[in-house]
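> Model the following, please.
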Amino acid sequence: SSINILWKFRYSFGNELHAGGEGGAAGKGSEEAKGRFRPGGGSSEGGNVSFQNGGDTVLSEGSLHSGGHHHYYYDTHTNTYYLRTFGHNTMDAVPRIDHYRHTAADLGEKLIRPSLAELHDELDKVSGRRVPARPPLADGYANGEEGTPAGEAAATYTPDSKGVVKFGWIKGVLVRCMLNIWGVMLFIRLSWIVGQAGIDLYVLILLNVHFSSSFPKGLSVLVIAMATVVTTITGLSTSAIATNGFVRGGKATFVNLSKYFDFLDCTNLSLTLECAFANSENGTLMIDEMNDIRIIGAITVVILLGISVAGMEWEAKAQIVLLVILIVAIGDFVIGTFIPLDSKKPKGFFGYKAEIFAENFGPDFRNEETFFSVFAIFFPAATGILAGANISGDLADPQSAIPKGTLLAILITTLVYIGIAVSVGSCVVRDATGNVNSTFITELTNCTTAACKLNYDFSSCQTECHYGLMNNFQVMSMVSGFAPLISAGIFSATLSSALASLVSAPKIFQALCKDNIYPGFLMFAKGYGKNNEPLRGYLLTFLIALGFILIAELNVIAPIISNFFLASYALINFSVFHASLAKSPGWRPAFKYYNMWISLVGAILCCIVMFVINWWAALLTYVIVLGLYIYVTYKKPDVNWGSSTQALTYLNALQHSIRLSGVEDHVKNFRPQCLIMTGAPNSRPALLHLVHAFTKNVGLMICGHVHMGPRRQAVKELSTDLAKYQRWLIKNKMKAFYAPVHAEDLRDGGQYLMQAAGLGRMRPNTLVVGFKKNWRQADMRDITVLLSNGEEEGKGGSKRTSSPLNLADQRLLDASTQFQKKQGKSNIDVWWLFDDGGLTLLIPYLLTTKKKWKDCKIRVFIGGKINRIDHDRRAMATLLSKFRIDFSDIMVLGDINTKPKKENIAAFEEMIEPFRLHEEDKEQEAADKMKEDEPWRITDNELELYKTKTYRQIRLNELLKEHSSTANIIVMSLPVARKGAVSSALYMAWLEALSKDLPPILLVRGNHQSVLTFYS
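A predicted model of the protein is given here:
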């Protein structure tokens, strides 16, 4: 067939490649490892093999395996395939699973489809244009898998698939969950719970049915149900999460939030204490009860550690043996219920009797026990449903195995719990003396108890008895056909739960460490052997478990264990609700039998049950959860799981942005939203930090970067810089966005940014431009472009520069960091010369609300007449008080229009001399031609026309030096020049003269619309 021919063709080509590539492999090993085969070149980069057929390069899947490393290569399915499918040769790739694999996937190689640039490059070969090969991990960043510590850590270990142990859904999930759920509670405390709660109420607790505070007579099999609803809802949520994509090997943390608590599974090993206690009940003490617990527990945990270190295969075999013993023990009990021996009747066992069932059907709480206290004792028996999910990396098909195994385990164990509860409640009375003489010789007719109806007198039990459901924890051993099998079942249940905890906790902790969320634990990420066994984690878990065993206080440990389990369940359920609420397109579980609202109910129920079990343990758990959450939120680890929080954040931002777009702007809600022309953000640190100081948590800040030059190269730089500089802003705690754009020149780029940057109401309303210090040496055409469009400009002399920082220049280094420091008790001088709507006053006020500037005082300078200074000061003070803006002083300048000093006028004329046209010294035609070619030149007529304005700028500089030379920053009204009337050179000279030899100065001009109001 054609398919057979295709695969044979590929196989033979793969052999050719191996044969021909060996000679060049040594010299180009790294290139061969990448597996990058460029189409159209006629040769591979990884070997000395040529294969060209109509522009398509063909590579077999098996041709690049080398020592277990992952490779990235193209596979165009051969020309034959494309020719028959599309009728012509093409290097475009058809959809296939290998294009969507992660780089650390164990199930197959990752193929990289040709990029659009490479497709265009192939089509443009005739013109000689080539596109450099993109990095093999380029598309990995989008998935949050590569380029992050999590992705790199996951890729560092690549096991050889040969010999790796993978489990199916029965051995890997069903068996483990059943063994974890069937704990010692089944054999020791279940009969006592039935005695206290009755058969009907016991089932309620198991199924979690709602009930009132006054229990009708005849409620009992209801205790198990309360726990079952919690575990079933959690099982459904776990199944939804597990089937929402492939669970990568070694990553047992597909439920991200729960992994913090599963590490404390190791405390579950302390259930061996219950074994020791059960033995001590039989009177087989070695030393004393407390030390027997320590000895038996320590020996047991050492044995379990040996099994775990031996590997998952041995652990799985041990689990099978323990399950067999457990099933035999349960069967032994069931058989025993049908064999009511006369010797057991004094101890309360009579076989299946309707009288006993009726008597035990309702609750009979004693010794201050309540429904909730009984439930708290029983619930730990229902935990363990995550035993299979915790080793998801060791499952052959986690998506299929986890839902089937977990839910079936919950069903089977629930039925067994209910069956045993009904059986023991139908066979054994609540109280018995154990005395063979407690029988009636004659049959009584006025009996009120089941024992009386069966000719036994246990009335003396009103004081004290040692047998019956309420008094004897060894009821199952007494009822069973062969009591030693029940003891074996107790050991089996204990060891299986402890073994599962000892295996799963280190694996989850290993996955947590690979994510590098807590850098101090990175050493535990290392795995050993073909199964990547976390040996260091095994040892750590062993030490913690041993510590709990040596405490030997089960009553202290048990509430903590239960609450950590419930915290995990609550977070799993909430994760499903949160992911569903976020409506992320990536949330597509194959398991459909879940509901977001049921998951939310499950999460709330878990939180309630935590307090029901033990309030102080619940509070402790909440504190630990909150502490871990705050730590991760504060540290912001460089890891991306594609979490539902990210999806919901986007959804909320989108919804609020749309809602905000329908609201008209109001002066009370005005805030500066700045487009700051920084270029690369790290090249203008002082300007960036100054603007960030008054926009942080208040307004929008966008760092604009105009890329100029060849479009093809610039577009590639845009994509690279966008990710690079946005990460830089986040790393430096800048609450800003980076917006690159390509344009032919700076003016076009600035206009593009002003028109297109932002979204809805979150658009820039203020343009910030750093003053170009070396403008006199620059091309004046660029200066004209710079001045062509702007509403706010900043000037800082040597303190802000348009070129990248030179760390060798100490002055420049100090200037670049001056706005990062705390400003101390100094002044912010506001020279509010012209009413621009209040922006000149609003920005200084916003600065003083920030921590670094809060000690600075605002001083306001205004222009006025000498004979009205007091009146103008009072008027300004009244205005500022109405604006509710604090100030330390108001100074009215009555001598602004005084002629400046001659030496300052001479310095200004010397500065503008290179830019003057001097048309009077030239022929009229030559002067006109120069003015047309160089419109930025200053004409004699222009200079004379604006002489007064020129003197004002020079005079203001003199006043600034006199009054504000010690200020931390000066905020001043920006002079406005009439468009087309004032040349660029003259305007730049004004700004230079105005700000010469001063502290950092911010020149501000609003659009003359009010941004301040004194109305409420």
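
> Locate P740 within the secondary structure: which element?
Assigned by DSSP states H and E, P740 falls within strand 737-742.

> quick one, helices of the stretch 851-1000 of the chain?
Shown for the stretch 851-1000 of the chain, the helices assigned by DSSP state H, counting those that start in this stretch span residues 869-882, 902-912, 924-933, 940-945, 947-963, 984-995.

> The second one relative to helix 947-963, how many degrees between them?
Just to be clear, that refers to helix 902-912. Here the directions of helix 902-912 and helix 947-963 differ by 120 degrees (axes from the mean of the first three to the mean of the last three Cα atoms, to 10 degrees).

> Next, the angle helix 984-995 makes with helix 902-912.
Using the same axes, to 10 degrees: helix 902-912 against helix 984-995 is 140 degrees.

> Phi, psi for I843 please.
The phi and psi values for I843, taken as degrees, to the nearest 10, are phi -60, psi -50.

> so who does it touch?
P672, F694, V971, L1002, V1004 (Cβ atoms under 8 Å, 6 or more residues apart in numbering). From N, CA and C alone the C-beta is placed, and that goes for glycine too.

> Count the neighbours of G1006 for me.
A count of nearby residues for G1006, using other Cβ atoms under 10 Å, gives 25.

> ok so, going back, the strand holding P740: what's the following helix or strand?
helix 746-756.

> Buried residues in that next one, which are they?
Using 16 or more other Cβ atoms under 10 Å as the test for burial, helix 746-756 gives L746, R747, G749, G750, Y752, L753, M754.

> Which member of these is positioned nearest I325?
If you rank these by distance to I325 using Cβ to Cβ, L753 comes first, at 72.9 Å.

> measure that closest one to V715 for me?
From L753 across to V715, the span is 16 Å (Cβ to Cβ, to the nearest Å).

> Buried residues, the helix ranked longest in the chain. List them.
Longest helix in the chain, counting residues (DSSP state H): helix 483-514. For helix 483-514, the neighbour count (16+ other Cβ under 10 Å) marks 483, 485-514 as buried.

> got it, and stretch 985-998?
985-996, 998.

> re earlier: counting contacts, what elements does the helix or strand just after the longest helix of the chain pack onto?
Counting by DSSP H and E, the element after helix 483-514 in chain order, helix or strand, is helix 535-551. Helix 535-551 sits against helix 289-310, helix 483-514, with contacts defined as 3 or more Cβ pairs under 8 Å, 6 or more residues apart in numbering; DSSP states H and E.

> For helix 535-551, buried residues please.
Applying a neighbour-count criterion of 16+ other Cβ under 10 Å, one finds 535-538, 540-542, 544-546, 548-549, 551 buried in helix 535-551.

> How about stretch 859-873?
R859, V860, F861, I862, G863, G864, D872, R873.

> and what of stretch 947-965?
By neighbour count on 16+ other Cβ under 10 Å, the buried set for stretch 947-965 is T950, Y951, R952, Q953, I954, R955, L956, N957, L959, L960, H963, S964.

> Next one: A525 relative to P506, how far apart?
Counting by Cβ to Cβ, the separation of A525 from P506 is 11 Å.

> Just give the number of residues close to the spatially closest residue to G824 that is not a sequence neighbour.
Leaving out its chain neighbours, the residue that sits closest to G824 by Cβ to Cβ, 6 or more residues apart in numbering is D855, at 6.0 Å. D855 has 13 neighbours, counted by other Cβ under 10 Å.

> Would you mind confirming that D855 is in contact with N827?
No: checked against Cβ atoms under 8 Å, the pair D855 and N827 is beyond contact range at 10.4 Å.

> Between the helices and strands packed on helix 535-551, which one is closest to D332.
Smallest distance to D332 across the helices and strands packed on helix 535-551 (Cβ to Cβ): 4.2 Å, for helix 483-514.

> my read: V706 touches V741, true?
Yes: here V706 reaches V741: they are 5.9 Å apart, a contact under Cβ under 8 Å.

> Which one's more surrounded, those two?
Neighbours per residue, other Cβ under 10 Å: of V706 and V741, the larger number sits with V706, 22 against 18.

> any idea how far the more buried one is from Y725?
13 Å.

> Just confirm S343 is within a helix.
Yes: assignment of S343 by DSSP: H, G, I helix; E, B strand; the rest coil places it within a helix.

> begin at 43 from here
That works, and once the first residue is 43, the last one we named lands at S385.

> nearest residue to W629 other than its sequence neighbours?
Here the residue nearest W629, using Cβ to Cβ, 6+ apart, is A621, at 4.7 Å.

> thinking again about what came up before, closest to F925 among the buried residues of stretch 901-915?
Sorting those by distance to F925 puts V902 at the head of the list, at 11.0 Å, by Cβ to Cβ.

> Spell out the residue ranges of the strands in the chain.
114-115, 152-153, 716-719, 743-749, 779-784, 808-812, 834-837, 869-873, 899-905, 931-935, 1011-1015, 1043-1046 (DSSP state E).

> Of these, give the one that comes closest to F606.
strand 152-153 (37.4 Å).

> my guess is S546 meets G430, correct?
No: the pair S546 / G430 is not scored as a contact, 9.1 Å apart, by Cβ under 8 Å.

> Need the per-residue pLDDT for the residue nearest to L889 when sequence neighbours are not counted.
Spatial nearest neighbour of L889, excluding adjacent residues (Cβ to Cβ, 6+ apart): W895 at 4.5 Å. Looking at W895, its pLDDT is 88.

> For L232, which residues are in contact?
Here L232 is in contact with F420, A423, Y459, I462, A463, V466, M518 (Cβ under 8 Å, 6+ apart).

> so which of the residues you listed comes closest to A659?
Using Cβ to Cβ, these come closest to A659 at F420, 16.1 Å.

> and the closest one, how many neighbours does it have?
25.

> how near is it to V464?
Counting by Cβ to Cβ - F420 and V464 are separated by 15 Å.

> now do Q793
Q793 is 81 Å from V464, by Cβ to Cβ.

> swap in N739?
N739 is 62 Å from V464, by Cβ to Cβ.

> More neighbours: which of the two?
V464 (20 against 7).

> Look at that one and report its pLDDT.
According to the prediction, V464 has pLDDT 90.

> I'd guessed it sits against V376; true?
No: if you go by Cβ under 8 Å, V464 and V376 don't touch, sitting 11.3 Å apart.

> picking that back up, how about the helices and strands packed on helix 577-593 in TSV, adding distance to R138 and mean pLDDT?
Below are the helices and strands packed on helix 577-593 laid out as TSV (distance: least, Cβ to Cβ, whole Å; pLDDT from 0 to 100):
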stretch	distance to R138	mean pLDDT
helix 331-352	40	78
helix 525-556	29	82
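
> Great, nothing more from me.
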